[in-house]
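[1] here you go, sequence then predicted model.
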Amino acid sequence: MTTTAAPATTAPVVGFDQVSKTYGSTRAVDGLSLRLYPGQTVALLGPNGAGKSTTLDLLLGLKNADSGTVSVFGTSPREAIVAGRVGAMLQSGGLMDEVTVAELVRLACSLHPKPYRAADVLARAGIAQIADRKVNKLSGGQAQRVRFALATAGDSDLIVLDEPTTGMDVSARQAFWATMREQADQGRTVLFATHYLEEADAIADRVLVLHRGRLLADGTAAEIKAKAGARRVSFDLEGDIDEAALRDLPFLTAMDVSGRTVRIQSADADATVHALYGLGVYPRNLEVAGLGLEQAFVAITEAEEAKQS
Ligand SMILES: Nc1ncnc2c1ncn2[C@@H]1O[C@H](COP(=O)(O)OP(=O)(O)OP(=O)(O)O)[C@@H](O)[C@H]1O
């Protein structure tokens, strides 16, 4: 398994050094520094407007930083792309309208310095059966698969994906991630921005959490969950439930009551459960568990919001 620590002898695939980008008065990326290494599968998470797309645009040379430096394979993003070392799938990348899927994929292959065979690219993206269809007649999920094909038209060392599975059905998603795993296993670096935290949890061996253009957390999914600190406690109660008393439990950070079942989040589960017994209630089916990545993400970003407001 890949770790997030910098391998001593390996040159970084991507380097951001104190990179900032503003739009008017909005700091989209704010002094961002990070390094990505070969073979890592990295999820870029963050609430809406956190700066994920801007970060990927800077990495791909589609936007220029106001300050700081971005390097890809030790060169500028543009040089790395011209050398065919980067494949990208962007959120809203427009597809040429009046061409067929096969024509578009062949074009992408012909432009890549280290192209794969178009037939293989079509098959891997699961679009061989719609190869003759006009690109403007595709469903949203099919168009996503075509964008995926364009990102993997050649042998690139870094694959950058912005919200890649939006609009894909379950089987398309599974096939997509299986292919991405293969790519990482072959030593390629895969960086993807996503709002699907379960995908980040399942796929990424490194998770970056962006918030207001800054890196709030960087680690494995397990480390991010541990960083959030809080734990989930759930139990069933018999008789009347005194919600006000439960809300006063120490270290409580969230609570949800549904029927007889109470689910809470606590920054110190031991102390909360101790106090629960002190209320004279007898919780049944008591369960204490760590946070899922989604809850950890919400806890970390909300704590940061509270700090800044
Ligand atoms: N071209 C632009 N002009 C002005 N402001 C912009 C522009 N692009 C992005 N922004 C602003 O910069 C901030 C970061 O936007 P960005 O799209 O990078 O975030 P994101 O994390 O990708 O968001 P989302 O999850 O909603 O896609 C936001 O406040 C956004 O409104």
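    Yep, that arrived. Numbering: from 1, shown residues only.

[2] what sits against G154?
    G84, G87, A108, C109, H112, P113, K114, P115, Y116 (Cβ atoms under 8 Å, 6 or more residues apart in numbering). The C-beta positions use only the backbone N, C-alpha and C, and glycine is treated the same way.

[3] do R232 as well
    R263, I264, Q265, E287, V288, A289, G290, L291, Q295.

[4] hey, what's the second one bridged with?
    What that stands for is I264. V233, M255 (DSSP bridges).

[5] how near is it to the ligand?
    29 Å (Cβ to the nearest ligand atom, to the nearest Å).

[6] the first one too?
    As for R263, its distance to the ligand is 27 Å (criterion: Cβ to the nearest ligand atom).

[7] the fifth one now?
    When distances are taken as Cβ to the nearest ligand atom, V288 and the ligand turn out to be 32 Å apart.

[8] how about the third one?
    The gap separating Q265 from the ligand is 24 Å, by Cβ to the nearest ligand atom.

[9] near the ligand, which residues of the stretch 51-200 of the chain show up?
    G51, K52, S53, T54 (Cβ under 6 Å from any ligand atom).

[10] a helix runs through T165, doesn't it?
    No. Using DSSP: H, G, I helix; E, B strand; the rest coil, the assignment for T165 is coil, not a helix.

[11] what about the chain, any weak spots by pLDDT?
    1-9, 92-95 (pLDDT under 70).

[12] sorry, back to before: which among the contacts of R232 count as buried?
    Neighbour counting by 16 or more other Cβ atoms under 10 Å classes I264, Q265, L291, Q295 among these as buried.

[13] correct me, but the first one touches R247?
    Meaning I264. No. Taking Cβ atoms under 8 Å as the definition, I264 is not a contact partner of R247, at 9.2 Å.

[14] give me the common contacts of those two.
    Joint contacts of I264 and R247 (Cβ under 8 Å, 6+ apart) are M255.

[15] now do the helices in the chain.
    52-59, 77-82, 101-111, 118-124, 140-151, 170-185, 197-203, 221-228, 243-247, 269-278, 293-308 (DSSP state H).

[16] highest mean neighbour count out of the ones you listed?
    helix 52-59 (a mean of 24; mean count of other Cβ atoms under 10 Å).

[17] distance from that helix to the middle of the chain?
    Relative to the chain's own centre, helix 52-59 is displaced by 13 Å; criterion: Cα atoms, centre = their mean, to the nearest Å.

[18] distance of E103 from A217?
    43 Å (Cβ to Cβ, to the nearest Å).

[19] one step back: for L197, state which of the contacts of G154 is nearest.
    If you rank the contacts of G154 by distance to L197 using Cβ to Cβ, G87 comes first, at 24.2 Å.

[20] how about the closest one: what's its closest non-neighbour residue?
    S156 (3.7 Å; Cβ to Cβ, 6 or more residues apart in numbering).

[21] that neighbour: neighbouring residues, count only.
    23 (other Cβ atoms under 10 Å).

[22] ok, D66 next?
    Close neighbours of D66, defined as other Cβ under 10 Å, add up to 13.

[23] now the one 10 residues further on
    Neighbourhood size, S76 [other Cβ under 10 Å]: 14.

[24] quick one: which of the contacts of G154 has the most company?
    G87 (24 neighbours).

[25] ok, that residue touching I159?
    Yes. Using Cβ under 8 Å, G87 and I159 qualify as a contacting pair, with a distance of 4.8 Å.

[26] report the set of residues contacting both of those two.
    A151, T152.
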